[in-house]
Structures are given as structure tokens and as C-alpha cells.
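[1] just a sequence and a predicted model for now, questions to come.
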Amino acid sequence: MSKILFAENLEQLNSISEQILKHTFPYKKFAFYGEMGVGKTTLIKALSLHLGVTDMVSSPTFSIVNEYRINESEKIYHFDFFRTEDEQEVYDMGYEEYFLSNAYCFVEWPEKITNLIEEDMVRVKMSTEGTTRRIEVIL
């Protein structure tokens, strides 16, 4: 089942994030596909804010994973695998601990770790059509 949404500007990603969370409940693992600059991190920031994160959300390009708190017991893990050379690096960082937790997991550049992406992850495919962003959410 998929849902297609369109954003004319980055500000619209805030309302789109709310729609995505409603559409995908109770799923907590998301794989974000799209070219650099399409707005993956901005959408993840909007999703995180809707979930209650008060921390600054930024791309974990160099750290690979950022952790954000929703509240005392809930977390979000935000991954950026763009600089990952091979899947062994991801094994070495202990990705299973993150993916098997009950936390939200937002994964940028999942194409770098295709064998580790779980079948039940929500796929979010982002692209641009002129100045419009097309966001396909696949369950």
C-alpha cells in the first residue's frame, strides 16, 4: 500500500510529516530514498518534531547515527549511511541494537546497506519534479 504526497516547498514538509505518521502508525522503522538535497533530513526533522523531540535534529553524516529523545523512555535513532563503505561497518557499529529496539529508526541512504534493510520498514521515496517534491510512502 502506498501514499503519494507533494510538497511545493520545504515548509510543507511539516504538515506532510503529520500525514505520514498517521498513515504509517504503528510502524517505527523508515528507510528514506532520494538524491542528495531532495529534503530527506528536513522531512526527518519534521517527523521528529511531530513525535515530540525538542533536541536539534541534524544529519548524522559524520557520526552515522544521532539519538534524539522523545521523552524519558522513548528515542529516535537517525542514521545516515552515505559515507559507509560496506555493510561490515554497520555490523561493527552494532546496528542490530538500534534496529531491534522499540525506538523510531529513520535511515538515510539505505541503498548503501540493502541487505540490512528489513522488509517491514516503511519506504519513503523522495524525488523532485520541477520545484515540487514528490514523496511516496510505501508500507
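    That came through, no problem.
[2] which residue ranges of this structure form strands?
    Using DSSP state E, the strands found in the chain span residues 2-7, 29-33, 65-69, 75-80, 104-108, 122-129, 132-138.
[3] now render these as CSV, adding mean pLDDT and distance to residue 88.
    Where you see a C-beta, it was placed from the backbone N, CA and C, and this is true even at glycine. Converted to CSV, the strands of the chain look like this (pLDDT from 0 to 100; distance: least, CB to CB, whole Å):
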stretch, mean pLDDT, distance to residue 88
strand 2-7, 96, 32
strand 29-33, 98, 19
strand 65-69, 94, 16
strand 75-80, 96, 16
strand 104-108, 97, 17
strand 122-129, 96, 24
strand 132-138, 96, 28
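[4] can you say which of those is packed in most?
    Burial of those is given as mean neighbour count (mean count of other CB atoms under 10 Å); strand 104-108 ranks first at a mean of 25.
[5] what's in contact with it?
    28-32, 40-41, 44, 47-48, 51, 59, 70, 74-82, 98-99, 113, 117, 121 (CB atoms under 8 Å, 6 or more residues apart in numbering).
[6] residue 56: how many residues sit nearby?
    Neighbourhood size, residue 56 [other CB atoms under 10 Å]: 9.
[7] how confident is the prediction for it, by pLDDT?
    What the model reports for residue 56 is a pLDDT of 85.
[8] who touches it in this structure?
    Counting by CB under 8 Å, 6+ apart, residue 56 touches no other residue.
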